[in-house]
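In: A structural model of the following input is requested.
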Amino acid sequence: MLKAVAVSIDKNLDDDLGFCPWQREPGRVNKAKGYQGLRTIWLTQLQLFHGVSLAKAEAICKHYPSPKALIEAFLLSGEAAIANVPVKGPGKTARIGPKISSIMHKYFTATSGDVLIS
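Out: Modelled structure (predicted):
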């Protein structure tokens with residue numbers, strides 16, 4: 001009886017969502033051409049932070065090509081690890097800045113889910 005209920009719930013969820021989140025082979029990241037798919041995912045994740053544009057995400061990605069590299073930098077250098085990373089813009093060069101660096105530091109080094117990131 002329990003198995004029948006579980007299976008029916010899964011079937012109903014699949015119909016509502018339009019896809020099956022529990023499928024055995026989820027979509028894969030394209031590893032061809034130097035893992036550009038993974039780089040795209042990393043850029044997208046960085047842009048989810050408030051104030052991080054594509055240019056800033058690319059600058060961070062250039063210096064820290066993976067989340068692991070960025071976490072290691074934060075653990076070694078602290079909150080200001082990426083504050084002075086240069087960002088090339090049209091006609092000028094800016095930097096990431098201490099506020100974004102602080103927010104990312106809190107996010108990537110938090111050991112508790114109760115930490116408020118703002």
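In: Ala57: neighbouring residues, count only.
Out: Neighbour count for Ala57, taken as other C-beta atoms under 10 Å: 20. Heads up, the C-betas are built off the backbone N, CA and C, glycines and all.
In: Ala94 versus that one, what's the distance?
Out: Relative to Ala94, Ala57 is positioned 14 Å away (C-beta to C-beta, to the nearest Å).
In: Ser112 too?
Out: 33 Å.
In: For those two, indicate the residue with more neighbours.
Out: Neighbours were counted for Ser112 and for Ala94 using other C-beta under 10 Å; Ala94 has more, 13 against 5.
In: three-state assignment of that one?
Out: Put simply, Ala94 is strand when judged by DSSP: H, G, I helix; E, B strand; the rest coil.
In: Kindly report the same for the one 5 residues further on.
Out: Three states are possible here, and by three-state DSSP the one that applies to Lys99 is helix.
In: Quick one: neighbours of it, just the number.
Out: 11.
In: do you know how far it is from His105?
Out: 11 Å.
In: Next: Ser53.
Out: Counting by C-beta to C-beta - Ser53 and His105 are separated by 19 Å.
In: who's more crowded, the two?
Out: His105 (24 against 12).
In: For that one, list the residues it contacts.
Out: 74, 78-79, 81 (C-beta atoms under 8 Å, 6 or more residues apart in numbering).
In: Quick check: it is in a helix.
Out: Yes: judged by three-state DSSP, His105 forms part of a helix.
In: can you dump the C-alpha coordinates of the helix or strand where Leu70 lies into CSV?
Out: Here Leu70 sits within helix 67-77, counting by DSSP states H and E. Provided in CSV are the C-alpha atoms of helix 67-77 (Å, rounded to 0.1, in the frame of the first residue of the first chain):
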residue,chain,number,x,y,z
PRO,A,67,34.0,27.8,-6.6
LYS,A,68,36.7,25.8,-4.8
ALA,A,69,39.3,28.3,-5.9
LEU,A,70,37.2,31.2,-4.7
ILE,A,71,36.6,29.5,-1.3
GLU,A,72,40.3,28.8,-0.9
ALA,A,73,41.0,32.5,-1.6
PHE,A,74,38.5,33.6,1.0
LEU,A,75,39.9,31.2,3.6
LEU,A,76,43.4,32.4,3.0
SER,A,77,42.8,36.2,2.5
